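1. I would like to see how this sequence folds:
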Amino acid sequence: MKSLSLLAALVSVFGMAAAAQAGFVGPSNSEKATVAQAKEMADDTYVVLQGTIESSLGDEKYLFKDATGTIRVEIDDEDWQGLTVTPKDKVEIKGEVDTHLMKPADIDVDSITLVK
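-> Residues are numbered from 1 along each chain as shown. Predicted coordinates:
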């Protein structure tokens with residue numbers, strides 16, 4: 001009887017964990033863009049970019065590149081979620097354009113995934 005209660009508790013916990021990570025799968029309002037386009041967008045515009053991480057600039061900042069140019073991106077350590085990439089790996093980043101008065105726009109990245 002005790003093992004049945006334990007099993008029920010485990011199923012309940014794992015069921016809740018799976019539900020907590022569930023979400024919508026389908027089209028989004030994310031604006032797919034190039035680096036050149038992102039540099040001209042308004043502050044806080046949500047964008048999706050595909051390209052490569054060319055180098056680390058230190059302090060969670062990186063140089064991102066696509067066919068249209070380069071832009072600085074900020075990827076918080078926790079947003080990597082265990083992913084390791086090299087400059088040869090194509091990635092997709094999703095985040096917000098961050099404009100500044102005295103320096104070029106950059107991207108505050110929310111997620112990064114490897115493109116296959």
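
2. can we go C-alpha only for contacts and neighbour counts from here?
-> OK.

3. okay, and for the protein, where does confidence drop off?
-> Within the chain, the ranges that satisfy pLDDT under 70 run 1-21, 23-31.

4. can you pull the contacts of the spatially most central residue of it?
-> The residue lying closest to the centre of the chain (CA atoms, centre = their mean) is residue 111, at 1.3 Å. Contact analysis of residue 111 by CA atoms under 8 Å, 6 or more residues apart in numbering lists 75, 79-80, 93-95.

5. Can I have the buried ones of the residues you listed as a ChimeraX selection?
-> Applying 16 or more other CA atoms under 10 Å to the contacts of residue 111 leaves a buried subset, and the ChimeraX line that selects it is:
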select :75,93,94,95
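
6. Just the ones of the contacts of residue 111 in strands?
-> 75, 93-95 (DSSP state E).

7. and which of the residues you listed is nearest residue 68?
-> Comparing the ones in strands among the contacts of residue 111 against residue 68 with CA to CA places residue 93 closest, at 15.5 Å.

8. And residue 59, how far from residue 48?
-> Using CA to CA, to the nearest Å, one obtains 22 Å as the distance from residue 59 to residue 48.

9. between these two, which one's more packed in?
-> The neighbour count for residue 59 versus residue 48, taken as other CA atoms under 10 Å, is higher for residue 48 (20 against 10).

10. what's the helix or strand for the more buried one?
-> strand 46-58 (DSSP states H and E).

11. Which parts of the chain are strands?
-> Assigned by DSSP E, the chain shows strands spanning 31-32, 46-58, 61-66, 69-75, 91-98, 106-114.

12. Buried ones in the last one, by neighbour count?
-> It refers to strand 106-114. Using 16+ other CA under 10 Å as the test for burial, strand 106-114 gives 106-113.

13. burial count for residue 68?
-> With other CA under 10 Å as criterion, residue 68 counts 11.
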